[in-house]
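Trainee: need a structure here:
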Amino acid sequence: MFTWPRLLASGLVTLAACGGASSSDPYDAGDTASSSVDGGLGVPDAPEFDPGRFATRVVSFTPGACAGFGQDHLPDIVLGPPEGGGGIKGSLDVLSLGNGGVVTVAVEGLVDLPGADFIVFENPFFIGGNASRVYAEPGEVSVSNDGITWATFPCDPTLSTSPGCAGRRPVYASEASGISPFDLERAGGDPFDLADIGVTSAQFVRIRDRTEQPCSTGPGAPTMNGFDLDAIAVLHAP
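Mentor: Alright, predicted model coming up:
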């Protein structure tokens, strides 16, 4: 168990005009098995005390149709550690991108080392508590060193088991649970290895919603469509 400080930071947010879905996802509940706090990564015992180990700034946000949830808490709502709701319910500590929405955040010194290099936390949950059925809103993940040239992890939102998409696995790391966001076996979320796309380092992470949720506009329209970003944890940094 560790003490989870509230990490706040500031950033530049650019809002642009507008443009989510459920899927079944066989998820191995064994991923929540016990492990050491650092997940065998060789990182410091409590890197969660360092705000530089999470997204440090919101560079831009272009909401899609039926977005809105969490925008009034930008940028802090996507900075710092995740507040996962576990396998039964999704967290509300999130920014909803809306249909086709895109958010770009800055990270400090993300580098490729053996194994997963960073984790993206969304808010999927098991439908009816059934670990073989996950309510998921997939997101496409890209990285860049200059914010201009991007490398993208393959993501097929029509395949519920597509390992290249974020938003597939429930999030267990939170202040309430005491689970470290750097514990690969217990934290949940979706890990990514830069080596999988031939990248050695990155300064920016971009997430694009790839769901296909129906979206009605007008009074009473939903505000939580699309990928819901909770946090990004940097596992490997200089």
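
Trainee: all contacts plus neighbour counts: C-alpha atoms, from now on.
Mentor: Fine.

Trainee: Run through the strands of the protein in chain order.
Mentor: Using DSSP state E, the strands found in the chain span residues 57-62, 95-96, 102-111, 118-121, 125-126, 134-135, 139-144, 151-152, 165-166, 190-192, 201-209, 228-229, 231-234.

Trainee: What ranges in the chain fall below the confidence cut-off?
Mentor: Per-residue confidence of the chain (counting by pLDDT under 70) places the weak regions at 1-49, 159-162.

Trainee: what's the neighbour count on the residue nearest to Arg169 when sequence neighbours are not counted?
Mentor: The shortest distance from Arg169 to any residue that is not its chain neighbour, by Cα to Cα, 6 or more residues apart in numbering, is 5.2 Å, and that residue is Gly189. Per other Cα atoms under 10 Å, the neighbour tally for Gly189 reads 29.

Trainee: now Gly189: how far from Phe118?
Mentor: Counting by Cα to Cα, to the nearest Å, the gap from Gly189 to Phe118 is 10 Å.

Trainee: can you list residues touching both of those two?
Mentor: By the contact definition Cα atoms under 8 Å, 6 or more residues apart in numbering, Gly189 and Phe118 are jointly contacted by no residue.

Trainee: Mind putting the strands of the chain into a markdown table with distance to Ser180 and mean neighbour count?
Mentor: Compiled in a markdown table, these are given as follows (distance: least, Cα to Cα, whole Å; neighbours: other Cα atoms under 10 Å):
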| stretch | distance to Ser180 | mean neighbour count |
| --- | --- | --- |
| strand 57-62 | 21 | 21 |
| strand 95-96 | 21 | 28 |
| strand 102-111 | 19 | 23 |
| strand 118-121 | 12 | 27 |
| strand 125-126 | 19 | 25 |
| strand 134-135 | 22 | 24 |
| strand 139-144 | 22 | 23 |
| strand 151-152 | 27 | 18 |
| strand 165-166 | 19 | 29 |
| strand 190-192 | 14 | 22 |
| strand 201-209 | 21 | 24 |
| strand 228-229 | 18 | 30 |
| strand 231-234 | 10 | 26 |
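
Trainee: And those: which comes nearest Phe69?
Mentor: Closest approach to Phe69 among the strands of the chain is made by strand 95-96 (5.4 Å; Cα to Cα).

Trainee: What helices and strands are in contact with that closest one?
Mentor: Counting contacts by 3 or more Cα pairs under 8 Å, 6 or more residues apart in numbering; DSSP states H and E, the secondary-structure elements packed against strand 95-96 are strand 228-229.

Trainee: What pairs with the strand it packs on, parallel or antiparallel?
Mentor: Its sheet considered, strand 228-229 pairs with strand 95-96 (antiparallel) by DSSP bridges.

Trainee: So what's the residue count around Ile197?
Mentor: Using other Cα under 10 Å, Ile197 is surrounded by 14 other residues.
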